[in-house]
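> Need a 3D model of the following:
(one chain, ligands or ions: 1)
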Amino acid sequence: MPNSKQKNHANVSTLLDESRIFSPSKKFLSNVQIKDDSLIKKAAQDRLAFWAQWASKLTWSKPWDKILDWTDAPFAKWFVGGKLNACVNCVDRHIKAGKGQKKAFIWVGENSDQRTLTYADVFAEVNKLANVIKDLGITKGDRVAIYLPMVPEAMISMLACARIGAVHTVVFGGFSADSLQSRINDCEAKLLITADGGYRRGNVLLLKEIADKAITGCPSVKNVLVVQRTKSSVKMISQRDHWYHELLAKAKPQCPPEEMDSEDLLFILYTSGTTGKPKGIIHTTGGYMTGVAATTKWVFDLQDEDIFWCTADVGWITGHSYIVYGPMANGATQVIYEGSPDFPQRNRFWKIIEEHKVSIFYTAPTAIRAFMKWGIEWPKGCDLSSLRLLGSVGEPINPEAWVWYHEHIGRSNCPIVDTWWQTETGCILISPLAGITDLKPGSATKSLPGIDVKIINEDAKEIKEGGGFLVLTSPWPSMLRGIYGDPKRYKETYWSKWSENIYFTGDGAKKDTDGYFWLLGRVDDIMLVAGHNISTMEVESALVDHPAVAEAAVIGATDEIKGQAIVAFVTLKEGKPSLDRIEDILKAHVANKIGAIARPRQIILTADLPKTRSGKIMRRLLRDVAEGRALGDVTTLADVEVVEALKKKYEHVES
Ligand code: WT7
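I've put the predicted structure just below:
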């Protein structure tokens, strides 16, 4: 690799190879905004003043009186007394600045549809929709549920809510009627915005039909607004259901924005965690906007001429923070793609990058591993020279995938920002600043300026080098303000393991001699094998390091002798010759990489792994399979068949 250099380390782990360092290329450095550590120094000098300075880059209708109120910890207030509107910050102010003709969205449908919307177009549609929503009886503080495919109306609906001070709750279009129903009922949404259908892998998903099923059990919903996307036939219930395009055609063109308090709710987003009942995470206006606007600029080095593409769905926090609020607060031009990466062919993403000259590309490790599985011939034939920075989010990116991404997508010219954060944190908290941070494949590197991340042990003692619990020791502007309707659960879940001043992320991590963070996954996913702590992620990473393996999920199954024994579910790469006794080869490979202690007791080959719809492996279900239990809650599972098939296979292997 052209720009990697080796560094000597006394304590080098073979797997998470801390010695492998990538420095940014000259080409990237010639045009990057953050070139030195002045930002970091400023934050270290006075954290609150630093954040206030970034907040002041937003448009406020009234300045705040106090930067932070933390007297009632863990209930934080940021920019107390300040007034602003998120929609004004994402749309109106760019038009005022003369950028109305700048493209906001280049939208690519899964079929051959394409739409380009300028900031002026977005302004016009958002204003009309805001008036429509108001006419349907929605006022400040009311909740609006959004259940849409990735069409421009999804982003526009969020902004229209923000404009009138309604609280949106976006439910990912892949969720079932039950999941939609429980989310609507939890926040008592009065209005639902949905579509007739959406395209996915060439098929039409009939959203309105699912929504109809859901709202039979949702007494709070008084109106349904239906976007026409697929022209599928739908049953419209008179009085309750309205066509979006019909009401918009009649709507008044101007809707004055509501003046919102910095601490007024902007949205509720339900986390589809891998365990337990979904939590309605709440985010407010001033602090959230400050966090996402600033980090979009720092982490992605977003500049005026960039074409930014975040492949997430707006149903996830990534879509909220890095499609709608962060990039739009910065007046970005974005590519939005409706469908799946393999339709009509496995080069769809690379074709889109080529055609629209995408310069910043942000995706997830699970997608990268799928690309690896499909093979390099798909990106190979495409011109990806417009790319200058790549990003990753959602789970630890294994070094193997990192290097593949760097080489085959970035063509060794683009830094990769591995961004660690959560629905709860609102914005990215750990990530390289690509102009100044040397990169180590598999490490999210360091915390961002103004953010206090630490690793501590059970006794809250800081661990400067080594592994432990990842925590935040000061409040930050875009932090969650609570769980909707459940302050007790908020306190218990995040702020009670040590004290109400220490936020527990739920993740395990370690710090190396250079102070780099290596995320090790959820602490629930740490196994205790014969008295040793082994992270599932480390074993998975070792497995994926083998050339035959595409993806792996590892769990600790109860073992009479060892406490827990390692069971690995493995999918193999396509098109590779099958190896004899591959299970034994892989066991030996892991033992060789990490040590005999980590040798899996069992390797189960499978065509697919059970994942949530956001791509996270549901290890909880794999544990159920491995221990022969009835499956727990499967409502967040993307494909129920996968786990049923695995269950059969496992029972077969066991007997
Ligand atoms: C959890 C949060 C943040 C948007 C998408 C997921 C894991 C996220 C990374 C990363 C290692 C990561 C953590 C975290 N995670 N990004 N770059 N490296 N782990 O949001 O559904 O709220 O999940 O995802 O375990 O706690 P989420």
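> Tell me the pLDDT of Glu651.
As predicted, Glu651 sits at a pLDDT of 67.
> going forward, begin numbering at 24 instead of 1
Okay, residue one is now 24; in that scheme the one you just asked about reads as Glu674.
> what's the weakest-modelled helix or strand in this structure?
In the chain, no helix or strand scores lower on mean pLDDT, DSSP states H and E than strand 27-29, which sits at a mean of 37.
> Kindly check the end-to-end length of stretch 201-218 for me.
17 Å (CA to CA, to the nearest Å).
> Now do the buried residues in it.
Buried residues in stretch 201-218, defined by neighbour count with 16 or more other CB atoms under 10 Å: 202-210, 212-218. In this view, the C-beta of every residue, glycine as well, is placed from N, C-alpha and C.
> Which single residue of the stretch 574-678 of the chain ends up nearest the ligand?
Nearest to the ligand in the stretch 574-678 of the chain, going by CB to the nearest ligand atom, is Ser637, at a distance of 5.9 Å.
> give me the number of residues near the closest residue to that residue other than its chain neighbours?
Leaving aside its sequence neighbours, Ser637 sits nearest to Trp339 (CB to CB, 6 or more residues apart in numbering; 5.4 Å). The tally of other residues near Trp339 (other CB atoms under 10 Å) stands at 23.
> before we move on, what about Val440?
Other residues near Val440 come to 25 when the count uses other CB under 10 Å.
> For it, give the beta-bridge partners.
On the basis of DSSP bridges, Val440 is bridged to Gly414.
> Might one say that it is in contact with Val322?
Yes. Using CB atoms under 8 Å as the test, Val440 is close enough to Val322 to be in contact (5.5 Å).
> what is in contact with those two at once?
414, 454-455, 457 (CB atoms under 8 Å, 6 or more residues apart in numbering).
> and of those residues, the nearest to the ligand?
For the shared contacts of Val440 and Val322, the closest approach to the ligand (CB to the nearest ligand atom) belongs to Ser454, at 7.8 Å.
> Can you give me every residue that contacts that closest one?
Neighbours of Ser454 in contact, by CB under 8 Å, 6+ apart: 318, 322, 440-443, 467-468, 471.
> Of the residues you listed, which belong to strands?
Judged by DSSP state E, strands contain the following of these: 440-442.
> coming back round to it: format the shared contacts of Val440 and Val322 as TSV; extra columns: distance to Asp607 and pLDDT.
What follows is the shared contacts of Val440 and Val322, written out as TSV (distance: CB to CB, whole Å; pLDDT from 0 to 100):
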residue	distance to Asp607	pLDDT
Gly414	38	98
Ser454	39	98
Pro455	39	98
Ala457	42	97
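> Please list the residues of the stretch 324-473 of the chain that sit near the ligand.
340-341, 416-419, 441-446, 467 (CB under 6 Å from any ligand atom).
> again with the chain
For the chain, the residues in contact with the ligand (CB under 6 Å from any ligand atom) are 294, 340-341, 416-419, 441-446, 467, 528-530, 542, 544-545, 637.
> so where do the helices sit in the stretch 174-323 of the chain?
175-187, 200-210, 230-238, 267-273, 309-323 (DSSP state H, counting those that start in this stretch).
> Can I get the ones you listed in TSV including mean pLDDT?
TSV is the format used below for the helices of the stretch 174-323 of the chain (pLDDT from 0 to 100):
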stretch	mean pLDDT
helix 175-187	99
helix 200-210	93
helix 230-238	97
helix 267-273	98
helix 309-323	98
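> Ok, which of those helices comes nearest Thr629?
Thr629 lies closest to helix 200-210 among those, at 25.0 Å (CB to CB).
> residues contacting the residue nearest to the spatial centre of the chain?
The centroid of the chain falls nearest to Thr341 when counting by CA atoms, centre = their mean (3.7 Å). Shown in contact with Thr341 (CB under 8 Å, 6+ apart): 333, 335, 385, 416-417.
> Could you find the closest non-adjacent residue to Ile640?
In this structure, Ile640 finds its nearest non-sequential neighbour in Ala576, 4.5 Å apart by CB to CB, 6+ apart.
> shaky segments in this protein?
Within the chain, the segments meeting pLDDT under 70 span 24-41, 295-299, 655-659, 674-678.
> what does the domain assignment say about it?
The record's domain parsing of the chain by automatic domain parsing lists 27-107+289-545, 146-281, 552-677.
> Out of these, the one nearest Ile129 is which?
Of all the domains of the chain, domain 27-107+289-545 comes closest under CB to CB, at 5.0 Å.
> coming back round to it: for the strand or helix carrying the residue nearest to Ile640, which positions count as buried?
Assigned by DSSP states H and E, Ala576 belongs to strand 572-582. For strand 572-582, burial by neighbour count (16+ other CB under 10 Å) applies to 572-580.
> which strands and helices sit next to that strand?
Using 3 or more CB pairs under 8 Å, 6 or more residues apart in numbering; DSSP states H and E as the contact test, the elements touching strand 572-582 are helix 388-397, strand 549-552, helix 559-567, strand 586-595, helix 642-649.
> Run the chain-centre distance for the second one.
Computed by CA atoms, centre = their mean, to the nearest Å, the separation of strand 549-552 from the middle of its chain amounts to 27 Å.
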